[in-house]
Structures are given as structure tokens and as C-alpha cells.
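1. just to be clear, the model below is a prediction. Sequence and coordinates:
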Amino acid sequence: MKAFAALFDRLSFEPSRNGKLRLMTAFFRDTPDPERGYALAALTDSLKFQHAKPALVRALLEERVDPVLFNLSYHFVGDLSETVALLWPKPDNPGEPPLLSTVVQTLATTSRAAFPRQLALWLDALDEIGRWALLKLITGSLRIGVSARLAKTAAAAMGGREANEVEEVWHGLPIPYGPLFAWLENTGPRPDTIDPAPFRPAMLAHPLEERDAASLDPADFIGEWKWDGIRVQAIAGVDPDGHRVVKLYSRAGEDVSASFPDLLDSLLLPRFGTTAVDGELLVMRDGLVQPFGALQQRLNRKSVSVKAMAEFPVHLRAYDLLAQDGEDLRTLPFTERRARLERFVMGLDDPKVDLSPTVPFASWDDLAASRADPAGAGAGADAEAIEGLMLKRRDSPYVPGRPKGLWFKWKRNPFNVDAVLMYAQRGHGKRASFYSDYTFGVWRGEPGEGQLVPVGKAYSGFTDQELAKLDRYVRTNTISRFGPVREVEHTAEKGLVLEILFEGLNRSSRHKSGVAMRFPRVARIRWEKPTREADRIETLEAMLEPK
Amino acid sequence: MTPAGLYCAAGDFHIDAMRPVDRALVTHGHSDHARAGHRSVLATAQTLDIMDTRYGADFCHERQVAILGKPIRIGGVTVTFHPAGHVLGSAQITVEKNGFTVTVSGDYKRAHDPTCLPFEPVRSDAFVTEATFGLPVFHFPEARVEAQKLLASQALFPDRTHLVGAYALGKAQRVIRTLRDLGYERPIYLHGAMVRLCELYARLGVDLGPLVRVDPKERGRLGGEIVLSPPGALRDTWARKFPDPLTVAASGWMRVRARARLKGVELPLIVSDHSDWAQLCATVKDVGCSELWVTHGEADALVHWAEQQGIAARPLHMIGYGEEETEEALDEAA
């Protein structure tokens, strides 16, 4: 538990991806089995046990600490687990600190009634950081900015391997992953995956640059719409006992089946066979694809209500076939996979699964016209849910990761708006000393009479040189400070205009302005532009997706 | 109490006056306690040296050296200085009149510090204490253990400059000395604002090993080195030119994660020159006082605890203490 707690402590403060990777890889190298395996399980959120309620933790402490001192402390620290970790009195006989493996195994077998006593014994034996890590772990609130993917990347790096290689064998590997570590350390064979419905690392596309188009032959490519949903893999298999196993994975390999039970029925159909489909998850009502805002109502929910399923029914739009009846199709050319996919979808004959249509074109100009007007190019009323185009080489195999030259995405022109810089905040990692996070606003009412309302925050889109200039601007035009945030002068006479690009706009009751931007970034710094010429809130309201 | 701070009418002097006064007794050299511009200053020899180094030789008109443990008669009272264990030269000041003793502790700690004399408890009727870390969440580990974290991180990230924020007086020298005691022999690099006080410590007999002032032009070559700077400079433009700097801070505040995160610290080291909760409580018991006055910090919890022990306690809510010295340190660097 000690090494694990130290790792979690350090990770919780480390802002850079690279730094996190190095910390984790060093930990996996220096920590013996099975402890490192349980840590990897914790980092990938693979541990399954009943989480402890904060009230239980609090009650344990209240038996031991003066309530006035507890309240003053909690008020100061602001986090219950941390307050308890810091306040827990050291007993005379603290006992041996538990191993992480012991904690996990004990949690699985301890009864609810015996749990508080067990937890108190562990807290007695650990130090402040150990107690903090334990409490975060058992209350299920270990938020340290590490994704499952990043943890796998760190484990893979032990053996100089890629995360995708770990991903290939991951599903079905039991905790604490002894054979995985042995393989990564070159002391054992590649583990056999026994998962009947394994995830396969996704193939991704590069953005299409104009110079690419010039050098590519349109005849080599097939065009498809790029749908504004979430990328999923829908997989059905049969376990050794002959039961059907169905899984829905996110693009990153996260099992999201529990969020979309209404789609699993389609996968459970015997006609679905043992098949792995790559496609887009969309919300579809009355045969029409709904904008991303509708799908958002279904995301990041642990349990789904019947109401949500009825109101926002999900649908699978298939665009690739990765495996069928035990055959791995990923080495076949795209055209062949597509032909099999078409037969599969037709045979499935399920209203919740359809085929992503192709977009025919003879020249790049044809394609540009379709991109500019998807509705007129066959997408009809679904055009609202189209982000742009996908271009797939006819002969492309399905290569995990982002291989060069095979798949391209060509997004529709994003939205843009001229906004005024209002607040700046320091960044993280390499940008820690720069004011690199910018809150910007647009006018509500006449410039000079009305006021600027914040509409978003941008962190990217500028070069290092531009960042240095922006940082200098912020430092010399600060009018007040709130902790790490500086308010920058923004009036109708003085201020800085930023041209902001963004991918879409949603209504939001959380933001004062009533709108929330998707993926805003700085397109240009308009040093010369007077702030009174920045856009109005009405401009943004006009861009909102109709209700 | 006067607007300038703690005042003793019978002796007509202030202790750690926050504004220029006629006669000031000074517990230690941090700028929130030792200010320039008093007519006369009574303090330990090291504290006077520190004030001289920081403010220049004309920081007051008249200096008087207090020898630890030796009573001095001032007006109708007897004053004695005792070591406080906070920084080099730091002292508590005991004031006695007609058999009633009041001890003003200034800032103090009970933990081991190789750069200064340890705190000596003085039996007192009234004890005036700080409570910077006066909450039971503050329990400070040994400085040695925290310094080992820094060396472990340096081994793990041998290409990154470890930029350690530490107060220029006391904390910096304690961190350096602790690293030396762990066998770290490489040069330790210093922000300009640190140099004079480190030189003074060395002159006064605290061996800090090889120290190098950071040459701004050479910053790019200090990957993997340990660089000490005032906390305020960590996130300043000055810090940018080091290779992939890793922000470290040595402070008692690092005990609380939100505080560390607010400051953008990547490696918090819990090293404080103040007392933690257990040390505060132990000290109040050691001095055996019947009255406790809390000058600054998290007074409420300590007052609550003392009352439960049957000690009459009250907070003085003194504004101006506890800022230590970040702003001034940056001015020095300029």
C-alpha cells in the first residue's frame, strides 16, 4: 500500500502526460507482483467492489476526534477523505500496514457489518498519504488525471511496447495480470486472450490538408459522412459455456455496455452472430439522426433510466467489420470488409443498426461540394449531425492507431467568432509560468453601454511565440487578480480581440451567457481590431442548433 | 496591544513591532517580525546580523545584543531571550515583573533543525504563541524524509531542473543542510535573492557546501540540478528558461493538497519552520501557563483545545504576521 500510495500521491500533482507515464512505468518496474497488478487494476478502474459511503468514514472519525476540531479542519481542508486521513490519531500499536492486494482481497470478502472495524485497523496502520489513498480507493473517488489508456501505455513502455499491444490482450486478462507483466518484461509468452468479445484498438484518421488532396488520386478513395456521435465497437461472441457475450466499447477500449442496454438487444440477436462491428453511436428519433446535444444526455451515466432510453434512443451506424465467425478481417482491404459489412447489415435486418452510406465523387471538387452541402448531397435531414467527411483508401487494411496515408477526415468549416479576452489563467506543466488559458466574451447590448459576457475558454491554437506575446499582454494589462486568475482590461475602448474557432454550440443553463462552445480554440489574435467590433451574443444565439 | 503590535507599558517597549517605534525587541529576522526604521532594536546577535544583511547597516539608530539566557533590566521589568528553534538567531522573549512571567514565543518549532538552536521551554504564567498551523490536520514528517523525496525525484527525472521554492531566510538553509546531511554533494544553485543570506549563514558557522548563484544565461544547462528560489519566483518569468522545470515547494502548507495544487506545485515537500499541531499543544503544556494568547494563524482550534485543558485562552487576531516574506524576497531579487 505504501508504494501505491506514494505513486498516487505523486500522480495527483503531476500535470504532464510524459511525467505521469514515467512515474507509472518506474512503479511497475520497481514493484513486485501481485502489488503492481492490483495498482494497474486500480489505475484502469478495473477493481470491482462495493464502494464505502463517505458517511461511514466520517462516523469512524467522529468516534475518535473532537467534533469542533473536526469541523474546523474539514472546513480548512475541503475534502473529507483528506481531512480524515490527516486527523486520524496514531494509535500506540499501529500494526503492519496492509498490502494493496490484501486490501482488495479483503474488500471482496468482508461483510458489511465487519467492514468498519477492518477499515479502522487499516487506517491505524497507515500514514497520512496511505490513509488518503486508501480512503480515495474505497470510496471510489480516486481522481488523479490518469486514464485507463495512459496506465496501459505506461505498462507497455516497460517492455518498449505500444499501448495497442497491451489493449489486444487486455480484455479477459484476470487481475493481477501476472502473465501480462511477465510478457512485458520478456520473461513470459504473450498472454492468450480468452475474452470471447475482445476490444480491438481503433484505426484513426489524419486531418486532410490541402496539399494532401493535391497528391492523392480520388479514384483510390471511398467517401463517407463523418457522423457527430461517439465511435464504438459492437462485439458479440460466445464463451466456453456456449453463452452469448456482447460488449460495447468506446474508441479508447472502455466497456460502455452498461450505458446502452437498449442497443445490446440488437447484439444479442442470433443473427448478429459472432461479429465485431466498428461504427458510430447516435441518437435517432423517427428515422432522423439527432444532433450531438441529444446524445450527450446519454453519456457518462452509470445507470440509464427508462425515460432516457425512450426519449433519446440510441442507434448504431456501422462502417467497418473487424471480425466475423472467428475470422480476423482486419488485414483485408477496406472494399472487401465493406462488402461483407453490407451483407451483414442486410442480413441482420434490425431497425437499430444501419449502414453508414458512402458519398460518391469523381473529383476533389465534387467532394468539396458535398462537404459544403451535405443535405443536398444525399444526407438530407441528417445533415445537422454531420461533422464532415471521411476518406478511406479502398485498399486500406484496418491498422490500429493513426497510420499515415490510409484514412483522412475532412471536417466542415468550423464556426468562428470574434471575442474579447476577459480573464487569463496560468497553464500547467511546461506552460506553468505562462498565462495560457483564456476566457473570452462577446457583447450583450451595445459596446460601451452593454457588457461583455463570457462565452468560453480557449487553451490552444497559438504558437509558442504567440503565447509569449499573449502572456506579456496579460501581465501588462491586468486590472485585478483572483488567485491564479488575472482579469485583463476589457472595455469598449481597450482590450484584445481573439478570433475563436469552435465545433458547435449548445444551449447551457450552467453558463451565464446561455451557450456552451465545443472545442473552442484561438484561430488568430486580432491585435489590430478594436474591441467594439467584436461579435454580439445574438450572433452566437443564431448559430444554436434549433431546439 | 497597540496598532504597532504587542506593547509592554512597564518597560515601554514593543515586541516585533509592525511599525517603526522607539524601542523594539525582535524575536527573529523574518520581515513580518523584524522591520526596519525603529530607533533602537534589542535582538540576538544573529538576528541583528540578518537585519543588517537585509536592510543595510542603517536599519535602526541603536543596536543592542541580547545574550540567550541572560536577564536584562528594562524599566520596571526583566527581559530574557531564549532559543525558539525557528530560524538562526530566533528567540522567545520572557518578560517578568513582580514574579509574573509572560513569554512571547515569536515563531517557533520543536522539530530538529541543524541550522539553529533547539526551542527551550520556559515556565511562564502567560504564553503568547503563534498558531500558523494550529489545526490538528497539520502533522509534519521529518525534514529528512521529505528531502529524500526530492532526491528520489531527481533520480527519476534526471533531465528536469528541480526548482525548489523556499523562504530565503531559514527554510532555504535548512533544506540545503538537510540535503547535505543525506550525502548530497553536488552544487546547489541559488536564485539571486537567496545568496546573501546563505553567505551570512555560512559566515555564522552553518556549513552549506558548494552553492552557485544561477547565471541567467546558463539556466538552460541546469537540467537535473536542484535550484532554490523564493516561492514567489517559482512561477515567474525567471523560472521559464530551465529545462522542463519541476516545481517543488518546501512548506508546511504542502500538508494540504488543495494548497499545493493552488500553487501549481508538482512535488510538495512538507517542511516547516513552525510548530505543527502536536508541537503547539505539547509546548503549551511544557510551559505550564495558565493564560494563552494566540497572536496569529488558525487560532480558533488552539483556543478551543486550550480551554478544554482549563487554560484561559484568547485570540489576538494580529494582522500582518504570518506573511513570512515572499514579497520582500522578490524585491531583493529585482
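-> Alright, I've got the coordinates.
2. can you list the residues of chain B near chain A?
-> When proximity is defined by CB under 8 Å from any CB of the partner chain, chain B lies next to chain A at B:135-139, B:156-157, B:235-237, B:239-240, B:244-247, B:255-258, B:260-262, B:264-268, B:298, B:300-301, B:304-305, B:308. Placement of C-beta: from N, CA and C, glycine included.
3. of the residues you listed, grab the buried ones for PyMOL.
-> Typed into PyMOL, the line below selects the buried ones among these, using 16 or more other CB atoms under 10 Å in any protein chain shown:
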select buried, chain B and resi 135+136+137+138+139+156+157+235+239+240+245+246+247+255+256+257+260+264+265+266+267+268+298+300+301+305
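4. need the contact list for A:Gln451.
-> A:Gln451 sits next to A:443-445 when contact means CB atoms under 8 Å, 6 or more residues apart in numbering or on different chains.
5. backbone phi and psi for it, please?
-> Here is the backbone geometry of A:Gln451 (degrees, to the nearest 10): phi -140, psi 170.
6. just confirm A:Ala523 is within a helix.
-> No. Using DSSP: H, G, I helix; E, B strand; the rest coil, the secondary structure at A:Ala523 is strand, not a helix.
7. wait, doesn't it sit right on A:Leu501?
-> Yes. Between A:Ala523 and A:Leu501 there is a contact under CB atoms under 8 Å: 4.3 Å.
8. overlap in contacts, the two.
-> Contact criterion CB under 8 Å, 6+ apart; residues shared by A:Ala523 and A:Leu501: A:416, A:461.
9. tell me which element A:Lys529 is part of?
-> Per DSSP states H and E, A:Lys529 falls between elements, in no helix or strand.
10. bridging residues for the spatially closest residue to it that is not a sequence neighbour?
-> Using CB to CB, 6 or more residues apart in numbering or on different chains and skipping the chain neighbours, the partner closest in space to A:Lys529 is A:Val497 (4.2 Å). In this entry, A:Val497 is beta-bridged to A:Val420, A:Arg526, by DSSP bridges.
11. what about A:Val497, neighbour count?
-> Neighbour count for A:Val497, taken as other CB atoms under 10 Å in any protein chain shown: 23.
12. what's the spacing between it and chain B?
-> Distance, A:Val497 to chain B, by CB to the nearest CB, to the nearest Å: 25 Å.
13. what's the answer for A:Val353, then?
-> A:Val353 sits 45 Å away from chain B when distances are taken as CB to the nearest CB.
14. and A:Ile138, what does it touch?
-> Contact partners of A:Ile138, counting by CB under 8 Å, 6+ apart, are A:49, A:51-52, A:103, A:107, A:119.
15. helices along chain B, start to end?
-> Ranges of helices in chain B, per DSSP state H, are B:45-55, B:143-156, B:171-181, B:192-203, B:257-262, B:277-287, B:299-308, B:326-333.
16. helix or strand right after the helix or strand where A:Lys392 lies?
-> Element membership for A:Lys392, per DSSP H and E: strand A:386-393. As assigned by DSSP H and E, the chain's next helix or strand after strand A:386-393 is strand A:407-411.
17. got the CA positions of that next one in PDB?
-> Presented in PDB, the C-alpha positions along strand A:407-411 are these (Å, rounded to 0.1, in the frame of the first residue of the first chain):
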ATOM      1  CA  TRP A 407      -7.700   7.400 -43.700                       C
ATOM      2  CA  PHE A 408      -8.400  11.100 -43.700                       C
ATOM      3  CA  LYS A 409     -11.000  13.200 -42.100                       C
ATOM      4  CA  TRP A 410     -12.200  16.400 -43.700                       C
ATOM      5  CA  LYS A 411     -14.200  18.400 -41.300                       C
END
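18. that strand to strand A:386-393, inter-axis angle?
-> Strand A:407-411 and strand A:386-393 are oriented at 160 degrees to each other (axes from the mean of the first three to the mean of the last three CA atoms, to 10 degrees).
19. show me what strand A:407-411 packs onto, helices and strands only.
-> When contacts are defined as 3 or more CB pairs under 8 Å, 6 or more residues apart in numbering or on different chains; DSSP states H and E, strand A:407-411 sits against strand A:206-207, strand A:221-227, strand A:386-393.
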